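In: Sequence unavailable; structure follows:
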């Protein structure tokens, strides 16, 4: 005889009321109050089981509209998790194409997507993740002339960008449009995240950093590097902040800046206060509208007065900077040489025929290798490091030295498409 047959009294009957108590009176069936169908209720059942979300919270997600600016390292995990969570409408603003070096961290794209527009690649992935989510794409990206009107179409904005000009544009446009902004940034092994919303009387990004750093003083991930998994950590935090705001649960990062150190695996939070002197949201704002000249991206290094005067004196010798088309023409004349100041591993990825490779760190001890009778053209990856090298060369008597704007990346785009971009 089985245990069940011996002790039937030890197995309490399961009643309708006891099941309701387990699920705290939440129903898993469609009701008049929800537009969630049976397939959606099944898909989001693990959300609905959470007391903080339930059917009502899932319905809020379905009715919401979130815009993700950038389909790269941060935008990838944000988009994946918001789609999986059931956000009803997801907008993606990005004008770039997928490149091979993106695949190390931009997990929404795959090998077969290289050279495709990122929004096309993202569309295919997100449709596979959740066919119930409506997708809207903004191929022009976020620009000064469209930012405010674009942001007004959404409930919340997620910043997944990697440059200061767009980051300040997103912050300013979100504030002026009255929309919350979920901020995230990454650098090497470290990340930051916060939540900015003027309607909650919290700080904005300019309360923390009133103005962008001097051009050329902070390297981007293309120069400094970034560990791929860090993007997943920070992007997931951004997705979580977005979900919490939409559903109205928990405490946000408003008034706080979260630091993430993945190398030593530590988290810390810094309290932020609204700055009454903030140039955007303060008592006497400097920025009251979006003007394109306030959001220009440049790699140029800021010089002190003495350096600037010396460079102006040298301008008669050679231009400070030329583009890749002018570089090609000068090299064809035979009166110029091209110096590649990238690192050794970069040189192995791709190189310009005829360029002399001298890594930037070795240049001070190898100046004797440079000719005195030719113009020296200097390039790096994008033009930031090489511009600093040109400043150094001019200060050391090589007045006929010129930077190649855009570096080898611009050369690959405009002169030699066979070069591997990275």
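Out: That came through, no problem. Since the structure is predicted, the reported quantities are computational estimates derived from the model, not experimental observations.

In: Pretty sure residue 355 sits against residue 379.
Out: Yes. With contact defined as Cβ atoms under 8 Å, residue 355 counts as touching residue 379 (7.2 Å). For every residue, glycine as well, the C-beta is placed using N, CA and C.

In: These two: which is more packed in?
Out: Legend: neighbour count by other Cβ atoms under 10 Å for residue 355 and residue 379, higher for residue 379 (29 against 21).

In: which strand residues sit across from that one in the sheet?
Out: residue 340 (DSSP bridges).

In: is it true that it touches residue 339?
Out: Yes. Using Cβ under 8 Å, residue 379 makes contact with residue 339 at a distance of 7.3 Å.

In: Need the residues touching each of residue 355 and residue 379.
Out: Counting by Cβ atoms under 8 Å, 6 or more residues apart in numbering, the shared contacts of residue 355 and residue 379 are 338, 339, 340.

In: Any figure for the gap between the second one and residue 411?
Out: Distance, residue 339 to residue 411, by Cβ to Cβ, to the nearest Å: 14 Å.

In: For residue 272, give me its contacts.
Out: Here residue 272 is in contact with 194, 202, 203, 207, 208, 255, 256, 257 (Cβ under 8 Å, 6+ apart).

In: How about it: what's its closest non-neighbour residue?
Out: residue 203 (4.7 Å; Cβ to Cβ, 6 or more residues apart in numbering).

In: Over to that neighbour. Which of the three states is it?
Out: coil (DSSP: H, G, I helix; E, B strand; the rest coil).

In: swap in residue 236?
Out: helix.

In: Now for it, how many residues are close by?
Out: Residue 236: 17 neighbours (other Cβ under 10 Å).

In: show me what contacts it?
Out: With Cβ under 8 Å, 6+ apart, residue 236 has these contacts: 77, 81.

In: Which other helices and strands does whichever strand or helix holds residue 60 contact?
Out: Per DSSP states H and E, residue 60 falls inside helix 54-63. Applying 3 or more Cβ pairs under 8 Å, 6 or more residues apart in numbering; DSSP states H and E, one finds that helix 54-63 contacts helix 38-43, helix 45-48, helix 228-247.

In: roughly how far is it from the heart of the chain?
Out: Offset of helix 54-63 from its chain centre (Cα atoms, centre = their mean, to the nearest Å): 28 Å.

In: Contacts made by that helix with the rest, please.
Out: 26-27, 31, 33-36, 40-41, 44, 47-48, 50, 85-88, 132, 243, 246-249.

In: again, only this time at 7 Å
Out: 26-27, 34-36, 44, 47-48, 85-88, 246-247, 249 (Cβ atoms under 7 Å, 6 or more residues apart in numbering).

In: mind listing what's buried in it?
Out: By neighbour count on 16 or more other Cβ atoms under 10 Å, the buried set for helix 54-63 is 54, 55, 57, 58, 59, 60, 61, 62.

In: Quick check: of those, which lies closest to residue 344?
Out: Minimum distance to residue 344 across the buried residues of helix 54-63 is 48.9 Å, recorded for residue 61 (Cβ to Cβ).

In: which other helices and strands contact the helix or strand containing residue 327?
Out: Assigned by DSSP H and E, residue 327 belongs to helix 324-333. Helix 324-333 sits against strand 375-379, helix 407-414, with contacts defined as 3 or more Cβ pairs under 7 Å, 6 or more residues apart in numbering; DSSP states H and E.

In: Ok, which of these comes nearest residue 156?
Out: Comparing the helices and strands packed on helix 324-333 by Cβ to Cβ, helix 407-414 comes nearest, at 33.0 Å.

In: what mean pLDDT does that closest one have?
Out: For helix 407-414, mean pLDDT rounds to 94.

In: Residue 191 and residue 233 touch, don't they?
Out: Yes. In terms of Cβ atoms under 7 Å, residue 191 counts as a neighbour of residue 233; the distance is 6.3 Å.

In: can you pull the buried residues of stretch 265-280?
Out: 272, 275, 278, 279, 280.

In: do the same with stretch 120-129
Out: Neighbour-count burial for stretch 120-129 [16+ other Cβ under 10 Å]: 121, 122, 123, 125, 126, 129.

In: about what we covered before: name the stretch among the helices and strands packed on helix 54-63 that sits most buried.
Out: helix 228-247 (a mean of 22; mean count of other Cβ atoms under 10 Å).

In: next SSE after that one?
Out: Using DSSP H and E, the helix or strand that follows helix 228-247 towards the C-terminus is strand 256-261.

In: circling back to that earlier point, how far does the helix holding residue 327 sit from the chain's center?
Out: 34 Å.

In: Would you point out the helix or strand in this structure whose mean pLDDT is lowest?
Out: helix 16-22 (a mean of 34; mean pLDDT, DSSP states H and E).

In: quick revisit: of the shared contacts of residue 355 and residue 379, just say which sits nearest to residue 107.
Out: Looking across the shared contacts of residue 355 and residue 379 and measuring by Cβ to Cβ, the closest to residue 107 is residue 340, at 31.7 Å.

In: That closest one reaches residue 353, doesn't it?
Out: No. Here residue 340 lies out of contact with residue 353, judged by Cβ under 7 Å, at a distance of 10.9 Å.

In: More neighbours: which of those two?
Out: Neighbour totals were compared for residue 340 and residue 353, and residue 340 leads with 24 against 7 (other Cβ under 10 Å).
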